[in-house]
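*Asks:* following is a predicted model, sequence given first.
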Amino acid sequence: MSKIAVMGYGTVGSGVVEVLLTNQASIAKRAGEAVDIKYVLDLRDFPGSVIEDRLIKDFDIIKNDPEIDIVVETMGGINPAYQFVKACLCEGKSVCTSNKELVAKYGPELLAIARKNNINFLFEASVGGGIPIIRPLNQSLTADEIEEITGILNGTTNYILTKMRDEGSDFSDVLHKAQELGYAERNPEADIEGYDACRKIAILTSLAYGQQVDFEDIYTEGITKITAEDFKYAAKINATVKLFGTSKMVNGKVLAMVAPVMIKSTHPLYSVDDVFNGIYVRGNMLGEVMFYGKGAGKLPTASAVVADVVDAVKHKGKSIMTIWSEEKQEILPFDEAEHRFFVRIKDSEGIIEKAEAVFGKLEMIDAGIEGEHAFITEIMTEKEYREAAGRIQGIISMIRTDF
Ligand code: HSE
């Protein structure tokens, strides 16, 4: 029998306990032995709950108990999760975590400790919630050179953008409604500013290329400036707007960004709506592959954590994660990234001719909106766009496109 500890009895932690208790028999069969929760660490009390008799408040009890060889970390954040996880790994205990901040910042260091001690640091639930994506990248897509990973990696923003498109509402109205319904956090900054998606694409990119991609180096833009009008223009060309986390190999360097992107209905991720996540991967041998499912939520996320626990039980004494070294992956300077840009500009005397003079050939879109024009540029670099935009007055907004 494997004795495990769960650190953090919040949404995901309580889900992990629920999954382990509900599917006890099938999990034991798949793991090859029973999995017993010996401790749950949390500073709060949970009177009357199933974990009442296993609740502890002192981390050292877990660290110093030789019977515990697998620890689940579902506390979130960096402190004290990082110190606790590192201490567990140094004690020779495998760790399974859902904590994307921890993995994005300390992944290579924690993996190196796990490798040295022949144990495992597993983090399937840190990206895409219940969608299997870490394991495929680590185990299944290993014959390929990964050319592109593009994902809708944040359920909250995908829900907001879907409602804006379907209801013609503005960003702030939909956000408030989503908060009332509990779909968006009271403090939604990490989601709407793209920080959550940024950590997730940093993890996927690092795993795909085996070298560290710092999330601080990834260009990140959220969805707060997207408006109902943008969707009206998009509809005219069979397109929509999605928040993408993307990384692509461009001339041997990785282009990584998080930004709202206008995509046509032919794009594989076009139909990923509401709180769902979708991840598109292109390999040089495999071609295209897609992963789709619930990227958040108590039980889908807990299911991914427990799958890691089963893997950790099955692979005691053997490290199964591939290399993710601390060496830095070379990132393409964002100025060199190329797109076609969707641009809205205020109407004024001769504005189309002036726009053509700075941006070159334009594809105009008419959505019947008074007082402005909209167009899509030819392919140009970020730098070229910025310089051109600086030479003309009246730009309302810009969205990068993926066509
Ligand atoms: N806030 C995240 C989302 C939760 O909306 O996708 C999962 O990381």
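*Replies:* All right, it came through fine. Residues are numbered from 1 along each chain as shown.
*Asks:* wait, doesn't Pro188 sit right on Val174?
*Replies:* No. Contact criterion C-beta atoms under 8 Å: Pro188 and Val174 do not qualify, at 11.2 Å. For glycine as for every other residue, the C-beta is placed from the backbone atoms N, C-alpha and C.
*Asks:* with neighbour numbers in mind, choose between these two.
*Replies:* Val174 (22 against 19; other C-beta atoms under 10 Å).
*Asks:* quick one: the more buried one and Met164 touch, right?
*Replies:* Yes. Between Val174 and Met164 there is a contact under C-beta under 8 Å: 5.4 Å.
*Asks:* let me see the contact set for the residue of the stretch 301-403 of the chain found nearest the ligand.
*Replies:* Ranking the residues of the stretch 301-403 of the chain by distance to the ligand (C-beta to the nearest ligand atom) places Thr301 first, at 7.1 Å. Contacts for Thr301 (C-beta atoms under 8 Å, 6 or more residues apart in numbering) come out as 11-12, 15, 98, 125, 129-130.
*Asks:* now do it against Ile4, distance only.
*Replies:* As defined by C-beta to C-beta, to the nearest Å, Thr301 lies at a distance of 17 Å from Ile4.
*Asks:* again, but for Asp42
*Replies:* The spacing between Asp42 and Ile4, counted by C-beta to C-beta, is 15 Å.
*Asks:* higher neighbour count, those two?
*Replies:* For Asp42 against Ile4, the residue with the higher neighbour count under other C-beta under 10 Å is Ile4, and the figures read 26 against 19.
*Asks:* is that one in contact with Ile37, as I believe?
*Replies:* Yes. With contacts counted by C-beta under 8 Å, Ile4 reaches Ile37, the gap being 5.9 Å.
*Asks:* and the most centrally placed residue in the chain, what helix or strand is that in?
*Replies:* Among the residues of the chain, Lys200 comes closest to the average C-alpha position under C-alpha atoms, centre = their mean, at 3.2 Å. In this assignment (DSSP states H and E), Lys200 forms part of helix 195-209.
*Asks:* which elements pack onto that helix?
*Replies:* If contacts are counted by 3 or more C-beta pairs under 8 Å, 6 or more residues apart in numbering; DSSP states H and E, helix 195-209 sits against helix 100-116, strand 146-152, strand 219-220, strand 239-250, strand 253-264.
*Asks:* need the residues that contact the first one.
*Replies:* Among residues not part of helix 100-116, those counted as contacts by C-beta under 8 Å, 6+ apart are 73, 76-78, 81-82, 85-86, 89-90, 94-95, 97, 120-121, 123, 126-127, 196, 199-200, 202-203, 206, 212, 215, 319, 321, 324-326.
*Asks:* could you do the second one as well?
*Replies:* Outside of strand 146-152, the residues that reach it under the criterion C-beta under 8 Å, 6+ apart are 128, 137, 158, 197, 200-201, 204-205, 208-209, 242-249, 269, 272, 276-284, 295.
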